[in-house]
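Undergrad: quick one: sequence plus predicted model below, questions after.
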Protein chains: 4
Amino acid sequence: MKIRVGYELIYEFPQPTPMIMVLGTHLTRASDVVVPDYLTTDPAVTISPYRDVYGNWCSRLVAPAGRMRLSGDGVVRDSGLPDVVAPSAPQHPVEELPADTIVYLLGSRYCETDRLSDIAWQLFATTAPGWARVQAICDYVHGHIAFGYQHARPTKTAWEAHAEGNGVCRDYAHLAIAFCRCMNIPARYCTGYLGDIGIPPPYGPMDFAGWFEAYLGGRWYTFDARNNTPRIGRILIGQGRDASDVPIAHTFGPNKLVSFKVWTDEVG
Amino acid sequence: MKIRVGYELIYEFPQPTPMIMVLGTHLTRASDVVVPDYLTTDPAVTISPYRDVYGNWCSRLVAPAGRMRLSGDGVVRDSGLPDVVAPSAPQHPVEELPADTIVYLLGSRYCETDRLSDIAWQLFATTAPGWARVQAICDYVHGHIAFGYQHARPTKTAWEAHAEGNGVCRDYAHLAIAFCRCMNIPARYCTGYLGDIGIPPPYGPMDFAGWFEAYLGGRWYTFDARNNTPRIGRILIGQGRDASDVPIAHTFGPNKLVSFKVWTDEVG
Amino acid sequence: MKIRVGYELIYEFPQPTPMIMVLGTHLTRASDVVVPDYLTTDPAVTISPYRDVYGNWCSRLVAPAGRMRLSGDGVVRDSGLPDVVAPSAPQHPVEELPADTIVYLLGSRYCETDRLSDIAWQLFATTAPGWARVQAICDYVHGHIAFGYQHARPTKTAWEAHAEGNGVCRDYAHLAIAFCRCMNIPARYCTGYLGDIGIPPPYGPMDFAGWFEAYLGGRWYTFDARNNTPRIGRILIGQGRDASDVPIAHTFGPNKLVSFKVWTDEVG
Amino acid sequence: MKIRVGYELIYEFPQPTPMIMVLGTHLTRASDVVVPDYLTTDPAVTISPYRDVYGNWCSRLVAPAGRMRLSGDGVVRDSGLPDVVAPSAPQHPVEELPADTIVYLLGSRYCETDRLSDIAWQLFATTAPGWARVQAICDYVHGHIAFGYQHARPTKTAWEAHAEGNGVCRDYAHLAIAFCRCMNIPARYCTGYLGDIGIPPPYGPMDFAGWFEAYLGGRWYTFDARNNTPRIGRILIGQGRDASDVPIAHTFGPNKLVSFKVWTDEVG
């Protein structure tokens, strides 16, 4: 299967403004790239790539004052298979976790493990460790959070999403991540393209998607508490402790987002 | 000058409990170590070190059920000079910051840059960029936060400390870090030993100290919004985005802290 | 200004042969791409991209036995301005260089800093540090090396180019890079398109060009010891420690290069 | 088994001199560290750690004018088992190699794959691919190079070692690495501690050791063309393309190495 992926973001800036972006197919999917979805800007500016502590390639630029269009448009090959389901994947004791997974047990901006720990243990202490526990977390989060774009806000945390009982895909992910960490399962946040491939209508507006990965049985598995069913055609963009680490666009100054489009379509 | 540093923590655990610790003189001060303050435990258990993404050496262990004592006791050489003051250290434009400092511009568990950005710009937009701005932030935080151990809690964030107007050294550091990041100055959290050397009495109870570093003029400088005056004899233990990254002790299960002592004394 | 860029390479292979290529406009210039110069092959084969440690997107493929044509043809926008000249750009002390520039101080396949260090210090120790020193290096290399395609060979190093006193653009770049590194200035090799825009005839045969960048005053600046004058219309393709890192085409087996064309022409 | 590891290097510097070092037990062995062999200096100076593109933690410092002692002394746990031998480990076709191994196929400062390719194919084309081929390379190098400290020089390359027929452990490693790469097997250079554990006398003077790893059957295996027999108690320090990437000590200025000691002893 081939999937056309891309985005167009239009901003207005009152003054020259530095930006950092985590955009474009992740290097772990590089071999699947048929047409690269390189970040381009109009007006053209110099883009400085750098690699962050999580291994993502990020882009730095300075947007000039005025209107700026950021876009990418590419084609990526995909297996066409749904997310892997591995009910027998075991949970590692903390003391046996690989050292580089431990950072994904700690609290982070939007995943307040310290505030959610008691709730997590009340809800999930009696579930079987491993895959079943992560699935129980996804089931709970899926049922507890009512989806609604009107409930989205940039500062919303897992604890707030839990208390308010609503949110968007990133809130589902943050809450599930926080619960996993409370239960001593490393979990990390993923942004990416996720289209409606294999899904019956009606379709909502397209956006970048947020999901998460949990570390079980020696590898990272994809989970998605928002959709809570294996999906086809996820194209990873960035990974980090939570959404603060993989900003689609982090602007260092005032700005107005004039227009925003994302596409992820099967193209045969 | 030589400084004796050390700690003794006594816990009670109802069951075997994994722990992660960031304890002991930081490797960047290894040359100053006269007697190492290695972590030892009673009963003795295997300690597995690992190195985190910030370069800290961390310690993993599994505490057995029952009472456990963790301690370290060492001697470290120190220049005896107060923290460096460099009023002419300039602020880097975001686009010229080294790539590895950018993670210290992002929000983190206890430093909600997104919630504090408007306040930061209202307070500090008219200050001169660079050292003067960081000093203005320290002055503000020092004046705004009333110190008091009764105001400490593990979940307290910079935004909460600002709203409540009180806290302990880590809250001062978190708030100043958050403000620096809002003003596009990379800032990172430090834990360490800090005694009363050169300070007149009365002295409070000893604890580990939290302070921060800001990146100005091509290097990291020490700032301390709690004390807000150059101090003598800081011995770094760990560095990270905030206190969640450099836990003195992170226990993965219920526990009771029975006793807690830290010492940092000039020994000639 | 718009520049048409492209290439056609025709090979003959006695057997299926893996290849790695660093070809096509660099991702940092993606915003300037009007028509992409994507690599295409005839016969068509699967191209697997990957991203190397320097951030370049590279292409892997297996050429079948027989004749194979690799080509790309695109249009790239350009400012039409000559290379930036910044005589006041300062040199960083080694201890203040960003960590990610240090790899560009070390020796590499074609830049034997260890063998050239004494010569470098004899020649350049008395030059002013910073831009003037890099310019002095370019002036020396430009004068010392006689250009001639007959002097090109794949194994030629900076030290050999210096000893033989001749070479092609990559040898100029390698020697200047090695001297910069000997003088503690990070320097990296660049391949790209460089046409004759703004240059009086006669023109030589077109080829990919090699130049270099030096890190001064907090950023990378373009230098070109071969031409040793600011040029218009450089289109970057790849960057690395030297030519071994950014092979136009690296073939893992015997082969014959039947035909080779590169074009870089202003198209209005 | 526990192994005491350490070193003492004494330098004299005519002027303040920046240095980079790759010293101390590698982070991949962190969990085995009983007593850390942190780098210490006398006089004490600030040590700035950074992580290079190969994942090594490196140390930067500025040595003051005069005499300086750099040392480390630690204890590391080890399995006590000899290097793994896996005769059935297969060779990957180039097109199936993981992307992050490809940099270890390219030429580097001391491994001139371009100059050694014809020799490599003459010698090893008829060997069975995979483990047997790497072993054949080790056997050849072991037999072809005569060991002798008097044959060591910092600029010596694989090609020169081959032509001269002599060298020290790093030359054996460089030549074997170059041959592996010529045969399309990723190979990387390793520095570390390697004592005489399990080896009959007489023992030579202790030094840091250089060996290499080859990528076969989905993982890296240790090879040692110098000793050419499985050894016990290797403690890795650094990894890179060749010795230029993992300098024990890279000094950016004139200096005199006054004294040099390394120890690696079983301590029960």
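TA: Right, received. Where do you want to start?
Undergrad: what bridges to residue A:4?
TA: Per DSSP bridges, the residues bridged to residue A:4 are residue A:75, residue A:265.
Undergrad: wait, what's in contact with it?
TA: Neighbouring residues of residue A:4 by CB atoms under 8 Å, 6 or more residues apart in numbering or on different chains: A:73-75, A:263-267. Every residue, glycine included, has its C-beta placed from N, CA and C.
Undergrad: out of the residues you listed, who's nearest residue B:14?
TA: residue A:264 (48.9 Å; CB to CB).
Undergrad: what's residue A:182 sitting at in phi/psi?
TA: Here is the backbone geometry of residue A:182 (degrees, to the nearest 10): phi -60, psi -30.
Undergrad: what parts of chain A come near chain D?
TA: Within chain A, the positions lying close to chain D (CB under 8 Å from any CB of the partner chain) are A:27, A:30-31, A:99.
Undergrad: which of the three states applies to the closest residue in space to residue A:70 that isn't next to it in sequence?
TA: Leaving out its chain neighbours, the residue that sits closest to residue A:70 by CB to CB, 6 or more residues apart in numbering or on different chains is residue A:9, at 4.6 Å. Classification of residue A:9 by DSSP: H, G, I helix; E, B strand; the rest coil places it in strand.
Undergrad: rewinding a little: which members of the contacts of residue A:4 are classed as buried?
TA: A:74-75, A:264-266 (16 or more other CB atoms under 10 Å in any protein chain shown).
Undergrad: for chain D, what's the nearest residue on the stretch 51-200 of chain A?
TA: In the stretch 51-200 of chain A, no residue comes nearer to chain D than residue A:99, which is 6.7 Å away by CB to the nearest CB.
Undergrad: ok, that residue touching residue D:30?
TA: Yes: using CB atoms under 8 Å, residue A:99 is in contact with residue D:30, at 6.7 Å.
Undergrad: so what sits against both of these two?
TA: B:50-51.
Undergrad: run through the helices of the stretch 1-150 of chain A in chain order.
TA: For the stretch 1-150 of chain A, the helices defined by DSSP state H, counting those that start in this stretch cover A:113-124, A:131-144.
Undergrad: so residue A:180 sits right up against residue A:135, yeah?
TA: No: Residue A:180 sits out of contact with residue A:135 when judged by CB under 8 Å, with a separation of 10.9 Å.
Undergrad: which residues does the residue of the stretch 51-200 of chain A closest to chain D contact?
TA: B:50-52, D:27, D:30-31.
Undergrad: please repeat the previous calculation with a cut-off of 6 Å.
TA: residue B:50 (CB atoms under 6 Å, 6 or more residues apart in numbering or on different chains).
Undergrad: before we move on, what about the one 4 residues further on?
TA: Contacts were defined as CB under 6 Å, 6+ apart; by that measure residue A:103 touches residue B:53.
Undergrad: and residue A:113, by the same measure?
TA: Contacts of residue A:113 were listed using CB under 6 Å, 6+ apart, and they are A:107, A:178, A:181-182.
Undergrad: restricted to buried residues, select these in ChimeraX.
TA: Here is the ChimeraX command that selects the buried residues among the contacts of residue A:113 (16+ other CB under 10 Å):
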select /A:107,178,181,182
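Undergrad: ok, back up a step: can you pull up the bridge partners for the residue nearest to residue A:70?
TA: With DSSP bridges as the rule, residue A:9 is bridged to residue A:70, residue A:260.
Undergrad: hang on, it packs against residue A:72?
TA: No: Residue A:9 sits out of contact with residue A:72 when judged by CB atoms under 6 Å, with a separation of 9.5 Å.
Undergrad: re earlier: which one of the contacts of residue A:113 sits closest to chain C?
TA: residue A:107 (27.2 Å).
Undergrad: and that closest one, how far from residue A:96?
TA: To residue A:96, residue A:107 is 22 Å away according to CB to CB, to the nearest Å.
Undergrad: what do you get for residue A:106?
TA: Counting by CB to CB, the gap from residue A:106 to residue A:96 is 18 Å.
Undergrad: the two - which one has more neighbours?
TA: The neighbour count for residue A:106 versus residue A:96, taken as other CB atoms under 10 Å in any protein chain shown, is higher for residue A:106 (23 against 12).
Undergrad: how about the nearest residue to that one, chain neighbours excluded?
TA: Spatial nearest neighbour of residue A:106, chain neighbours left out: residue B:244 (5.2 Å); criterion: CB to CB, 6+ apart.
Undergrad: is that neighbour in contact with residue A:111, as I believe?
TA: No: taking contacts as CB under 6 Å, residue B:244 lies outside contact range of residue A:111: 9.8 Å.
Undergrad: higher neighbour count, those two?
TA: When residue B:244 and residue A:111 are compared for neighbours, residue A:111 comes out ahead with 33 against 24, by other CB under 10 Å.
Undergrad: show me which residues of chain A are close to chain C?
TA: With CB under 6 Å from any CB of the partner chain as the criterion, chain A meets chain C at residues A:27, A:30-31, A:33, A:38, A:40-41, A:44, A:47, A:49.
Undergrad: run the last query once more with 8 Å
TA: Neighbours of chain C within chain A, by CB under 8 Å from any CB: A:27, A:30-31, A:33, A:35-36, A:38-51, A:57.
Undergrad: and these, which are buried?
TA: A:27, A:30-31, A:33, A:36, A:38-41, A:44-45, A:47-51, A:57.
Undergrad: among those residues, name the ones in strands.
TA: The strands, defined by DSSP state E, take in A:33, A:40-41, A:48-51, A:57 from these.
Undergrad: if we check chain B, which of these are in contact?
TA: Counting by CB under 8 Å from any CB, A:48, A:50-51 from these sit close to chain B.
Undergrad: quick one, what contacts residue A:225?
TA: A:137-138, A:141-142, A:145, A:172-173, A:175-176, A:211-212.
Undergrad: give me the secondary structure label for residue A:175.
TA: Assignment for residue A:175 (three-state DSSP): helix.
Undergrad: measure it to residue A:169 for me?
TA: Distance, residue A:175 to residue A:169, using CB to CB: 11 Å.
Undergrad: again, but for residue A:145
TA: Residue A:145 is 10 Å from residue A:169, by CB to CB.
Undergrad: and residue A:204, by the same measure?
TA: Residue A:204 is 10 Å from residue A:169, by CB to CB.
Undergrad: same thing with residue A:129?
TA: 26 Å.
Undergrad: name the residue in the two with the higher neighbour count.
TA: Applying other CB under 10 Å to residue A:129 and residue A:169 shows that residue A:169 carries more neighbours, namely 21 against 16.
Undergrad: retrieve the pLDDT associated with that one.
TA: Looking at residue A:169, its pLDDT reads 96.
Undergrad: just the pLDDT at residue A:197, thanks.
TA: For residue A:197, the model assigns a pLDDT of 87.
Undergrad: what number of residues lie near it?
TA: So residue A:197, with other CB under 10 Å, has 17 neighbours.
Undergrad: ok, it touching residue A:235?
TA: No: the criterion here is CB under 8 Å, and residue A:197 misses it with residue A:235 at 10.7 Å.
Undergrad: got any residues that touch both of those two?
TA: Taking CB under 8 Å, 6+ apart as the contact rule, residue A:197 and residue A:235 both touch A:3, A:264.
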